[in-house]
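missing the sequence, but the structure's below:
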Ligand SMILES: Nc1ncnc2c1ncn2[C@@H]1O[C@H](COP(=O)(O)OP(=O)(O)O)[C@@H](O)[C@H]1O
Ligand SMILES: O=C(O)C1=C[C@@H](OP(=O)(O)O)[C@@H](O)[C@H](O)C1
Ligand SMILES: [Mg+2]
């Protein structure tokens with residue numbers, strides 16, 4: 001079974017996946033390899049619906065590899081993905097307040113996030129998705145004021161007790 005990290009943009013999914021295992025997949029990186037352009041360019045050219053289609057295909061391929069998977073925050077936007085997440089038993093939700101996430105998104109100059117251009121739009125997205133993350137999660141970790149190493153340790157401790 002894969003460990004699957006979920007949560008809103010800025011929660012630290014990509015950061016934590018990398019620390020958890022050498023065998024990790026960042027879905028956004030896998031998508032960018034497939035589409036051969038940055039995600040933000042793909043959004044401009046083709047829109048969100050086409051992005052979600054590619055995201056679903058890549059997620060379904062990744063799930064069979066038994067790696068740690070960092071999803072994108074919008075993985076819960078697709079009904080098929082929700083079915084997959086429901087079936088998985090190591091879905092870890094990195095949970096945080098919107099204002100903490102927004103500050104991280106603003107400071108992160110390595111990632112262009114097409115759905116985080118406007119704070120109020122992003123807040124609405126967060127409010128819509130937060131209960132869904134909660135619903136499909138097997139483990140919830142509050143990541144406000146917590147260093148990535150500590151988050152990794154909490155996930156390992158939880159796994160050790162499974
Ligand atoms: N636990 C943390 N505490 C403080 N900053 C963090 C933490 N985790 C990630 N960050 C920072 O927040 C930004 C977004 O992290 P990232 O891993 O890309 O999140 P996600 O993949 O969930 O969108 C990055 O600049 C990263 O360095
Ligand atoms: O929340 C979203 O819809 C998205 C989150 C991004 O990933 P991160 O959550 O890693 O930023 C990326 O997949 C894309 O920009 C869409
Ligand atoms: Mg990420």
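Great, that's in hand. Everything numeric here is computed off the predicted structure, so don't read it as measured data. Ligands and ions are numbered 1, 2, ... in the order given.

Could you give the average pLDDT over the strand or helix carrying residue 149?
When secondary structure is defined using DSSP states H and E, the element that contains residue 149 is helix 148-160. Helix 148-160 shows a mean pLDDT of 96.

What score does the residue lying closest to residue 151 once chain neighbours are set aside have for pLDDT?
Nearest-residue entry for residue 151: residue 16, 5.3 Å, with adjacent residues in sequence omitted and distances by CB to CB, 6 or more residues apart in numbering. (Each C-beta comes from the backbone N, C-alpha and C, glycine too.) As summarised for this prediction, residue 16 has a pLDDT of 98.

likewise residue 66?
Reading off the per-residue confidence, residue 66 sits at a pLDDT of 87.

who does the helix or strand where residue 56 lies touch, helix- and strand-wise?
Secondary structure here is read from DSSP H and E; on that basis residue 56 sits in helix 48-62. Helices and strands in packing contact with helix 48-62 are listed as helix 27-35, helix 39-46, helix 79-87; criterion 3 or more CB pairs under 8 Å, 6 or more residues apart in numbering; DSSP states H and E.
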